[in-house]
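*Asks:* task: produce atomic coordinates for the following.
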Amino acid sequence: INAVQRAAKGICEIAACEAGQVGGVVPSRVEVDELFAKSLLLMANGQLFAAIRGGLIPPKIRVSPAGDVLCERDLFAKLLEPGATWVHTRALNESDKRYGKRKASEDEPPTERLAWSAELRAAVEAEYQTSAEAFVDLQFALIQAAERRGQGVFLARHSELLDELRKNDAYPRADVTGLLRRLTLRCRRAWDADLPEADRDLSKFDRKYSLINRPLLAIDGDEDPTVLVSPAFVSDATMYAISGLHEGNLQGNYWDSVIARSHAGAMANTSGERFEKSVEERLNALGLKAQMRCSLSALLNEKVNPQYGDIDVFAVAKNKRTVWVVEAKNLRLCRTETEVAARLSEYRGRMVKDSKGREKPDKLLRHIHRVEYLRARLPALAKNLKLHGLQTVKGLLIVDAPQPMNFHMLDQLADAESVFLDAIATFKFDS
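*Replies:* As a prediction, this is how the structure comes out:
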């Protein structure tokens, strides 16, 4: 279902830029099927090219006699399947627990609700230029509009939608002119016009100019544009945006407003701190002496170059002969080959170039550098912490969900061993 939806959105986005507004022919079912197949192929090949650019697979492609594109993609079965298996297993286990706790009364309202903090409300209202209620309820008002027309998808101008919303007694009294503008994916003169390549790559999730972010598709460039209205698209976009702001997993360029970007970043930081705290608590429960957010200067009682950054969690093993420098990350599960390539570009333990072309260590290499810095000063570390039997400093990456780094290449790097948080009880910290 998800693949079909993505293919449909891709076709709509391209058609709005390339298809004529008058004339043409009605495509047959076979022609529509072929369009969907080509749309899915664009997504698949986009992921393939991202993997080649990232150096994960060799840049060698063969075309079979049947026209299939053949290349070495076995690596991605190794990197993607464990995550997919993990997330489905967890979902089934959680559903099983909820089922066992289900109350006898089916009429009892659910207790799990999204907490609308003042900060979340402010972020939504800054981004969508109307009240939070008007933003959320738009999807339901559009379902009603579709029902009145007897169509699952319909065309309407902004002015017509505004008029219908004003006449809808169940819809909040609010100015939604800015909301409709924010949710409209404008019509461009051509598919490859006006946007950088990254914003036209159908294989990428969370594109700024896509139907998941701007679900009203303009088919002309008028001041009062005609838009294709699919209530399902609007509902998807609404829930995705609220979840992204609430959990902080949609950041940066996805948002137009500074307030929304700031809130998403703050929620991501809060989520990271919660995960670090949970790692600290789990390690302490196992008998280690763990502390989150430790600076190298405090551990050594000396001034340290800030380029090394802080340690997420520092832990002393029960035998007091080993200390662990823990990189604790609750990284989002990678959903596609493109996201795998992007994640590995940050955690490969090597130097990379920043936006200004300057060389800098990636996130994993910064962690390794912290471990090496402490190891090189083992006597000073032992003296300051009063660990007279201290013998070694080791590095460890603890993650909440399976990551491509867990199955590719970390075993080749010193101090880059990794473990899932749920499996740390069986990890040998005293070894």
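*Asks:* next, the distance between the ends of stretch 218-227.
*Replies:* Chord length of stretch 218-227, first to last residue, is 4 Å (CA to CA, to the nearest Å).
*Asks:* and the residue nearest to residue 44 when sequence neighbours are not counted, how far from residue 10?
*Replies:* Nearest residue to residue 44 in three dimensions, chain neighbours excluded: residue 203, at 7.3 Å (CB to CB, 6 or more residues apart in numbering). C-betas here are computed from N, CA, C, even on glycine. According to CB to CB, to the nearest Å, residue 203 stands 10 Å off from residue 10.
*Asks:* so what sits against both of those two?
*Replies:* Taking CB atoms under 8 Å, 6 or more residues apart in numbering as the contact rule, residue 203 and residue 10 both touch 42-43.
*Asks:* which ones are touching residue 52?
*Replies:* Taking CB under 8 Å, 6+ apart as the criterion, residue 52 is in contact with 58-59.
*Asks:* check which helix or strand covers it.
*Replies:* helix 29-53 (DSSP states H and E).
*Asks:* flag every buried residue along that helix.
*Replies:* 35-36, 39-40, 42-44, 46-52 (16 or more other CB atoms under 10 Å).
*Asks:* before we move on, what about stretch 417-429?
*Replies:* 417-419, 421, 424, 427, 429.
*Asks:* just the closest of these to residue 60, please.
*Replies:* Comparing the buried residues of stretch 417-429 against residue 60 with CB to CB places residue 418 closest, at 30.0 Å.
*Asks:* neighbours of the residue nearest to residue 256 when sequence neighbours are not counted, how many?
*Replies:* Once flanking residues are discounted, residue 256 sits nearest to residue 127: 6.2 Å by CB to CB, 6+ apart. A count of nearby residues for residue 127, using other CB atoms under 10 Å, gives 24.
*Asks:* ok, the most centrally placed residue in the chain - contacts?
*Replies:* For the chain, the residue nearest the mean C-alpha position is residue 249 (5.1 Å; CA atoms, centre = their mean). By CB under 8 Å, 6+ apart, the contact set of residue 249 is 243, 268, 332.
*Asks:* state the pLDDT value of it.
*Replies:* Note for residue 249: predicted pLDDT of 88.
*Asks:* so it, which state does it fall into?
*Replies:* coil (DSSP: H, G, I helix; E, B strand; the rest coil).
*Asks:* now do the phi/psi pair for it.
*Replies:* Backbone torsions for residue 249, taken as degrees, to the nearest 10, come to phi -100, psi 0.
*Asks:* going forward, the N-terminal residue is numbered 88.
*Replies:* Got it, first residue is 88 now, which makes that one residue 336.
*Asks:* what bits of the protein have low per-residue confidence?
*Replies:* 88, 162-167, 170, 187-202, 493-498 (pLDDT under 70).
*Asks:* rewinding a little: which SSE is the residue nearest to residue 343 in?
*Replies:* Taking DSSP H and E as the definition, residue 214 sits inside helix 205-215.
*Asks:* is it true that the residue nearest to residue 131 touches residue 423?
*Replies:* Yes: Residue 290 lies in contact with residue 423 (CB atoms under 8 Å); the separation is 6.7 Å.
*Asks:* shared neighbours of the two, anything?
*Replies:* Common contact partners of residue 290 and residue 423 (CB under 8 Å, 6+ apart): residue 134.
*Asks:* quick one: which of the buried residues of stretch 504-516 is nearest residue 150?
*Replies:* Closest approach to residue 150 among the buried residues of stretch 504-516 (CB to CB): residue 505, at 37.6 Å.
*Asks:* the closest one: what secondary structure?
*Replies:* strand.
*Asks:* who does it form a beta bridge with?
*Replies:* Counting by DSSP bridges, residue 505 is bridged to residue 484.
*Asks:* state the distance from it to residue 492.
*Replies:* In terms of CB to CB, residue 505 sits 6 Å off from residue 492.
*Asks:* which neighbours do those two share?
*Replies:* The contact lists of residue 505 and residue 492 share residue 484, where a contact means CB under 8 Å, 6+ apart.
*Asks:* if we ignore the residues flanking it in sequence, what's nearest residue 455?
*Replies:* residue 502 (5.0 Å).
*Asks:* OK, contacts around the one you found?
*Replies:* 412, 454-455, 458-459, 481-482.
*Asks:* again, only using 10 Å
*Replies:* By CB atoms under 10 Å, 6 or more residues apart in numbering, the contact list for residue 502 reads 412, 414, 436, 451, 454-459, 462, 480-484.
*Asks:* same check, this time on residue 292
*Replies:* For residue 292, the contact set (CB under 10 Å, 6+ apart) comprises 93, 299, 327, 337, 422-423, 425-426.
*Asks:* again, only using 8 Å
*Replies:* For residue 292, the contact set (CB under 8 Å, 6+ apart) comprises 299, 422-423, 425-426.
*Asks:* and for residue 97?
*Replies:* Residue 97 touches 126, 129-130, 289, counting by CB under 8 Å, 6+ apart.
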